[in-house]
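**Student:** missing the sequence, but the structure's below:
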């Protein structure tokens, strides 16, 4: 039986022997493509070639690509782990042809690899072909069907509809028919009883698609019409995990040697046995799947966070933690302990896992600890909500409350449902789904970009000249209209441009397009599928004339100062803190530079000062730039350039050197370091476990920062009557203030005690309830403290109602003893009803609630309303 490692290598060897260039996997986290957060298919790294934005380097290519999918066909995150063959992170084996071979060879080689090389049973294989679409005037793919007829009997060649057998890159762009290869893995008796053909594309767990051969031959336009592609493209993708399942004689991907080491480690760690409890088995499959996704994402530079791609990774990690918590009893961080097992199974193919093991472990442990705390917090919040439901003599929790737990606190819906069931309750699922739809609609509206078709004026590719000049003559190659957030803009592509398109953390240039007749302002320059696009609010009146493209020089130079400063900062950090420091992200704008790096503790003030001294020394040395364009990667490494994990590099790279600082970089830089003038670090912080962030300013920004500090010092001197020793004077003032606060606290306690005694003395007995009321000025914190003292210190039934004016604001406060709450009174409901008198609102718990308002004259009426509704008037 072939191991997973052997299967992966056999695929590469097979296609290498047929003239394919074997390329490494691109990072799973996508950078520089606004349409994608993650690599979700093997073709993603070749989009630029397919779209014709970059020249074809190799006409035949093959690889094993790490991919991530959490939505789309068969990829709902919440279903992963419940079946046998869907995953979040998976490997895609693929081969491509760019204008070289087409359907005949793609089908022939797929058959030869599966049947002749891997010896899969040909009788168990099925192929689907596109059945055609009369609505689009597309005929059945007879060409593909004819080639399949050389290998398969007619009843194993099946028609597939547009949904399954017509592949599209997106709403627009390259597309075409495809052939899916399916395999029937059922037992012999099942195979004899029910033909496999009837189960293809019917979601049967043992009759599954393993390979998709896409034949790109059309271009989809914005008006949904199709036009032929000038050069045909073959794009195939085979699920590595599914192939291993078929070859290793398993009925589940999770039973292969890809996942079993992880699942067995989880079982040992949790003290459970596989196959004895379905929920525990699902939990172990979820964790085994998700740890791969989390580890590879962190390796590729995407840390868990609350935004965009980071939120997806955090959500996946929390789902795994929650399954461990709920079904395996894991109350402490545990997933990070599985890293050695993961590296043992995948480290050879992906050495970045080994290199980044320490960082992955620290990030995972911190995230696990944080979410376990969140789970505990969520359970306490849910307990309070359930108590409110019981008090109201109901058994259904509001879907809005469940969604708040889910969205604000990360508390999963199914865990909410589980706890509610244990307490004889349920959640209003319709209301929850309504809230979920509202959130998705908000996110969709914020992210939607409508794009028109490109209008091509001239054929050609963009030449970037911005490393050498700030302006040049240019002509428009193509343009299109886009609509984003209800704003119409235009994208323009030039034949030659000095504008740097946003990439590698450096923001894009802005500036002008100038002709004899008009000036068009360039708002920004973005990189879309490796194509520099210039964003404008309007199109030129005369599109075909020659323009002068002019970069905003002031902003560009400020950017360059910050970018070069980032390189010097990186080098200095490695010298001061150690060579474990590696760049994990950067942001370079005209105003500030931000540099994220691996380090496992806070950088001390002394270390920061040392880093600043090193950087500024190199600035004063006025070191000139030493630039190497289009050199082989091997030579760049020999020069000392360090490749960053998570970045995709070509065979030829650009190296930027300032003295001993050597980096692979595509950004723009100043000619010599002296132009920076000065670098000042303004902040150092943690953004994740093992990841620190430094923010700094350079040049004019550093100058302004120092002026700001000088102004603060002058103001402080003036406030302290120009005392010569400012630090000592401020310290003395702080100490005196702390002492006065202590004295004030003692005074307030004494005042509270006196007022409390007076209020109790004036308390009235109504219907067996001690009613305590107050109307006047006071400190709201003091009255809140007093209310809880009364609740815990006065026996029997007690009602406290206060109308307080505090520094121009008014507050209504209500407290009921536990006996009154048990009898049906609810402070929160009464406060909400009475708040109308003070033109405000509020709420709280059944025993204690407050409402703020802006009409103090209504406090008396509000107090009377509370007492009347409580039956205590």
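**Tutor:** Yep, that arrived. These figures come from a predicted structure and were not determined experimentally.

**Student:** which ones are touching residue 206?
**Tutor:** Contacts for residue 206 (C-beta atoms under 8 Å, 6 or more residues apart in numbering) come out as 184-186, 190, 251. (Each C-beta comes from the backbone N, C-alpha and C, glycine too.)

**Student:** save those as TSV, and put in secondary structure and pLDDT too.
**Tutor:** Output for those, formatted as TSV (DSSP: H, G, I helix; E, B strand; the rest coil; pLDDT from 0 to 100):
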residue	secondary structure	pLDDT
184	strand	96
185	coil	94
186	coil	93
190	helix	92
251	coil	90
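
**Student:** and these, which are buried?
**Tutor:** 184-186 (16 or more other C-beta atoms under 10 Å).

**Student:** run through this protein and note the low-pLDDT ranges.
**Tutor:** By pLDDT under 70, the low-scoring segments of the chain are 32-35, 71-76, 443-449, 645-647.

**Student:** what residue is smack in the middle of it?
**Tutor:** Closest to where the C-alpha atoms of the chain average out (C-alpha atoms, centre = their mean) is residue 309, at 1.7 Å.

**Student:** residue contacts, the closest residue to it other than its chain neighbours?
**Tutor:** Residue nearest to residue 309 in three dimensions, not counting chain neighbours: residue 37, with 4.1 Å by C-beta to C-beta, 6 or more residues apart in numbering. Residues counted as contacts of residue 37 (C-beta under 8 Å, 6+ apart) are 29-30, 308-309, 312.

**Student:** okay, residue 37 and residue 94: tell me how far apart.
**Tutor:** Residue 37 sits 20 Å away from residue 94, taking C-beta to C-beta, to the nearest Å as the criterion.

**Student:** ok, now residue 67?
**Tutor:** 10 Å.

**Student:** can you put the buried ones among the contacts of residue 206 in CSV and add distance to residue 839?
**Tutor:** Below are these laid out as CSV (distance: C-beta to C-beta, whole Å):
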residue, distance to residue 839
184, 72
185, 70
186, 71
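
**Student:** from those, which is closest to residue 83?
**Tutor:** Nearest to residue 83 among the buried ones among the contacts of residue 206: residue 185, at 13.8 Å, using C-beta to C-beta.

**Student:** find the residue closest to the closest one in space, skipping its chain neighbours.
**Tutor:** Spatial nearest neighbour of residue 185, excluding adjacent residues (C-beta to C-beta, 6+ apart): residue 206 at 4.3 Å.

**Student:** now do residue 101
**Tutor:** That would be residue 234: by C-beta to C-beta, 6+ apart, it lies 6.5 Å from residue 101.

**Student:** isn't that neighbour up against residue 97?
**Tutor:** Yes: counting by C-beta atoms under 8 Å, residue 234 touches residue 97, with 3.9 Å between them.

**Student:** overlap of the contact sets of those two?
**Tutor:** Common contacts of residue 234 and residue 97 (C-beta under 8 Å, 6+ apart): 105-106.

**Student:** more neighbours: which of those two?
**Tutor:** Legend: neighbour count by other C-beta atoms under 10 Å for residue 234 and residue 97, higher for residue 234 (25 against 21).

**Student:** give me the sheet partners of the helix or strand hosting that one and which way each runs.
**Tutor:** In the assignment (DSSP states H and E), residue 234 maps to strand 226-239. Next to strand 226-239 in the sheet, as set by DSSP bridges, lie strand 89-98 (antiparallel), strand 207-220 (antiparallel).

**Student:** quick one: the strands in the stretch 351-500 of the chain?
**Tutor:** For the stretch 351-500 of the chain, the strands defined by DSSP state E, counting those that start in this stretch cover 396-397, 426-427, 449-451, 455-456, 463-464, 471-474, 476-484, 487-494, 496-497.

**Student:** turn these into TSV, columns for distance to residue 745 and mean neighbour count.
**Tutor:** Below are the strands of the stretch 351-500 of the chain laid out as TSV (distance: least, C-beta to C-beta, whole Å; neighbours: other C-beta atoms under 10 Å):
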stretch	distance to residue 745	mean neighbour count
strand 396-397	41	20
strand 426-427	44	17
strand 449-451	57	13
strand 455-456	73	12
strand 463-464	66	14
strand 471-474	67	18
strand 476-484	55	18
strand 487-494	55	19
strand 496-497	66	22
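
**Student:** any chance of those strands in JSON lines, with distance to residue 636 too?
**Tutor:** Shown next, in JSON lines, are those (distance: least, C-beta to C-beta, whole Å):
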{"stretch": "strand 396-397", "distance to residue 636": "59"}
{"stretch": "strand 426-427", "distance to residue 636": "57"}
{"stretch": "strand 449-451", "distance to residue 636": "36"}
{"stretch": "strand 455-456", "distance to residue 636": "36"}
{"stretch": "strand 463-464", "distance to residue 636": "19"}
{"stretch": "strand 471-474", "distance to residue 636": "28"}
{"stretch": "strand 476-484", "distance to residue 636": "31"}
{"stretch": "strand 487-494", "distance to residue 636": "29"}
{"stretch": "strand 496-497", "distance to residue 636": "25"}
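
**Student:** residue 773 is nearest to which of those?
**Tutor:** strand 396-397 (34.8 Å).

**Student:** list the neighbouring strands of the closest one plus their orientation.
**Tutor:** Assessed with DSSP bridges, strand 396-397 is paired to strand 426-427 (parallel).

**Student:** please state the offset of the strand it pairs with from the chain centre?
**Tutor:** 30 Å (C-alpha atoms, centre = their mean, to the nearest Å).
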